[in-house]
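Task: produce atomic coordinates for the following.
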Amino acid sequence: MTIQHEDNGKKGKFFVTENGTQLASMTYTWVGTERIIIDHTDVSDVLRGKNVGKQLLMKVVEMAREKGIFVIPLCPFANSMFKKLRDIQDVLQG
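Residues are numbered from 1 along each chain as shown. The predicted model follows:
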């Protein structure tokens, strides 16, 4: 499974496609140049139970670390993962 990334400078997403169909995505919106808001996570039933949501979040965290930006997890899934995973809280907007 390959996680792809799109970003137009205002909005972006990490996503998984198969045969031209998007099966999972985590979308975000830029707030200035130093923060992003994770606003939605969607994982198809086909991929449920395979930790795809967590993998998408880890890609967001990796990008945040590389760019030196912070994450605001408004999405309930992302928010719950940030509460559970202490090792990614360094990018959490506090």
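
Can you give me the distance of the closest residue to residue 4 other than its chain neighbours to residue 23?
Excluding its sequence neighbours, the residue lying closest to residue 4 (Cβ to Cβ, 6 or more residues apart in numbering) is residue 15, at 5.5 Å. All C-beta spots, glycine's among them, are computed from the backbone N, C-alpha and C. The gap separating residue 15 from residue 23 is 8 Å, by Cβ to Cβ, to the nearest Å.

show me where this protein has helices.
Taking DSSP state H as the test, the helices found in the chain are 52-67, 76-84.

out of the ones you listed, deepest packed?
Comparing the helices of the chain on average neighbours per residue, with mean count of other Cβ atoms under 10 Å, the densest one is helix 52-67 at a mean of 18.

helices or strands up against that one?
The contact analysis (3 or more Cβ pairs under 8 Å, 6 or more residues apart in numbering; DSSP states H and E) places helix 52-67 against strand 11-18, strand 21-31, strand 35-43, strand 70-73, helix 76-84.

Just send these back as a markdown table, with mean pLDDT and distance to residue 92 too.
Converted to a markdown table, the helices and strands packed on helix 52-67 look like this (pLDDT from 0 to 100; distance: least, Cβ to Cβ, whole Å):
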| stretch | mean pLDDT | distance to residue 92 |
| --- | --- | --- |
| strand 11-18 | 97 | 17 |
| strand 21-31 | 97 | 14 |
| strand 35-43 | 98 | 11 |
| strand 70-73 | 98 | 6 |
| helix 76-84 | 97 | 5 |
